[in-house]
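Undergrad: my questions are about this predicted structure, shown below with the sequence.
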Amino acid sequence: MVWLVLSVIGGVLLARSELAQWREAFETDARISHRLLSQRVVQHEAVLATLALLQPTSPPGSADPAEQRLPSVYPQILSVLRRDPVSTWPDTTLPQAEQASRQSHTAVLANVDFTSARGRYQLVLAAQPASYALLIDVYGTVPWSDWPMPVQSSPVRVTLEHAGQVFVVQPGHITGSGWRFEFRKPLASASQPFEVVALRQVRWSELPWGAMVLWVLVVAAALAIWSAWQRQRSARRRAEELLRVGQVARLNTLGELAAGMAHELNQPLTAILANTQAARRLLQDDPPELTTALHAMDQAAAQARRAAEVLGRLRRTVEQPSPAASGQPVDLAQAVRNAIDLLEPECKLRAVVPSVHLAHPVRVLAERVALEQIVHNLLTNALQALDLVPASERQLRIDIASNQGMGVLRVADTGPGIAPETLPHVFQPFFTTREGGLGLGLSLCETLASGMGGQLCAQANEPRGAVFVLTLPLAPAS
Ligand code: ADP
């Protein structure tokens, strides 16, 4: 989506800037063409004014050398006509034009013909005693040597328009759909106000597709790099978090191990103590080996007591987490989200999508890391149990609620469940039914839960699977 939006915005901006450049170039060329044509037609007025001022030097009715030389100086002037007091105009429109010129005191157009290949028109100026008319070639009027565009290949169409007649100066290419630029302005001459019309049609195919495709690719590459970086970052975060949880787990497992050892060793130690005390009593009988036996037995008893004390202290330490570490308000849903986040690859691997159901936000008093450790262990166990059933039957549901001053977290799976005869043993240290299992996870979780003033218990899930229910004291409402 982001890629699409950026691609479209970039593409539109590129196209707009290209169009703006074309428009600027078009308007510059059109203005230059208009100026050049205006300069040319103004010359015609100047020529007529000069002729009228000088008047013929030869007698009326005969050719005047100056008039005859004029076309060689101005090639667009095809011929010069003169009406002396003794002669008349060769056609009927010229007298009307002369009449109009006499009234307006300016040159007047006559016989405009833009339909012929080169285009022609006449310009008449009434004067005394002789009036003049110029026959002008439109094509020759265009200053080709200074023309700003290549006439045949330029896409711009330039025409001169007058009273519905159109003379094509430059054909251009006005076809297809796209954008159209237009320039219209009459020539800067009162007597020859032909309208200069320039048109430019930009076709879709002329858009800067190369640059636009390049931009789309650049955006795609940048986004790919960015998302790879994001993925890498979250993988690194997850790895760090796993490491942290792993470290905590290792430490806690060590404690758990010590608790197990204490449990195992306490009995032999008690027996040693009892035996040595009995031996001590026997040695007091007659004949006794008093000094040696007494000394040895005292030593043994002292050793045994010290061992029991060490183990007892170790056990107490494991069972009671430091008061500073417990009792922070923790959002139960957040702890669940963190654990799910960590186990995301495991879930994906098994095609399991954990569903979290939260009636309302629940904050419990707990040690955050210990709580996350418990949730992590419960979810891991559930995933391991789901391994044992077909993928289509795997479901993992987590419910968060509160009940009678306690926050309640239920982790239910649709795995094979726990057999009724095994149920009482799952929290015992070293109890496992898993190949390669240590049997310390649940016992550790139970210890951590009770250390935080809570409870962990296991039940059968309906219709199948297992449910583990963790209860922890609710945090006081702030
Ligand atoms: P481990 O996972 O190393 O076996 P645990 O203390 O986590 O140790 O689990 C002890 C035993 O409890 C497991 O071996 C298994 O038999 C049983 N158990 C735990 N969780 C589940 C569960 N979600 N479904 C079925 N059995 C479970």
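TA: The structure has been received and is ready for your questions.
Undergrad: secondary structure element holding G10?
TA: Under the criterion of DSSP states H and E, G10 resides in helix 2-54.
Undergrad: err, P287, not the other one
TA: Judged by DSSP H and E, P287 forms part of no helix or strand.
Undergrad: any idea how far A351 is from the residue in the stretch 1-150 of the chain that the ligand sits nearest to?
TA: The nearest approach of the stretch 1-150 of the chain to the ligand comes at M1, 39.4 Å away (C-beta to the nearest ligand atom). Heads up, the C-betas are built off the backbone N, CA and C, glycines and all. Distance, M1 to A351, using C-beta to C-beta, to the nearest Å: 27 Å.
Undergrad: so for the two, which sits in the more crowded spot?
TA: A351 (10 against 5; other C-beta atoms under 10 Å).
Undergrad: tell me, how many residues neighbour the residue lying closest to that one once chain neighbours are set aside?
TA: Nearest non-adjacent residue to A351, counting by C-beta to C-beta, 6 or more residues apart in numbering: A391, 5.1 Å away. Counted with other C-beta under 10 Å, residues neighbouring A391 total 10.
Undergrad: likewise for R410?
TA: Look at R410: counted by other C-beta under 10 Å, it has 18 neighbours.
Undergrad: isn't there a helix covering it?
TA: No - looking at R410 with DSSP: H, G, I helix; E, B strand; the rest coil, it is strand, so not inside a helix.
Undergrad: number the chain from 313, please
TA: Fine by me, first position is 313 from now on; the one you just mentioned is R722.
Undergrad: what pairs with the closest residue to it other than its chain neighbours across the strands?
TA: Of all residues not flanking R722 in the chain, D711 sits nearest, at 4.3 Å (C-beta to C-beta, 6+ apart). Partner residues in beta bridges with D711: H669, R722, with DSSP bridges as the criterion.
Undergrad: could you measure from D711 over to T726?
TA: Separation of D711 from T726 (C-beta to C-beta): 14 Å.
Undergrad: quick one, which of these two is more surrounded?
TA: More neighbours surround T726 than the other of D711 and T726, with 20 against 17 (other C-beta under 10 Å).
Undergrad: residue contacts, that one?
TA: For T726, the contact set (C-beta atoms under 8 Å, 6 or more residues apart in numbering) comprises L698, V701, E705, R706, Q707, L708, N773, R776, G777.
Undergrad: rebuild the residues you listed as CSV, extending it with secondary structure.
TA: Output for those, formatted as CSV (three-state DSSP):
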residue, secondary structure
L698, helix
V701, coil
E705, helix
R706, coil
Q707, coil
L708, strand
N773, coil
R776, coil
G777, coil
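Undergrad: weed out the non-buried ones from these.
TA: Neighbour counting with 16 or more other C-beta atoms under 10 Å marks L698, V701, R706, Q707, L708, N773, G777 as buried within these.
Undergrad: where does the first one land on pLDDT?
TA: Looking back up the chat, that one is L698. Looking at L698, its pLDDT is 96.
Undergrad: that one touches V723, doesn't it?
TA: No - in this structure, L698 is not within contact of V723 by C-beta atoms under 8 Å, at 11.7 Å.
Undergrad: what do those two both touch?
TA: Residues touching both L698 and V723 (C-beta under 8 Å, 6+ apart): L708.
Undergrad: quick one: T418 from L390, how far?
TA: Distance of T418 to L390, computed by C-beta to C-beta: 22 Å.
Undergrad: quick one, phi psi at the spatially closest residue to A651 that is not a sequence neighbour?
TA: Of all residues not flanking A651 in the chain, V687 sits nearest, at 4.2 Å (C-beta to C-beta, 6+ apart). Dihedral pair for V687: phi -60, psi -40, per degrees, to the nearest 10.
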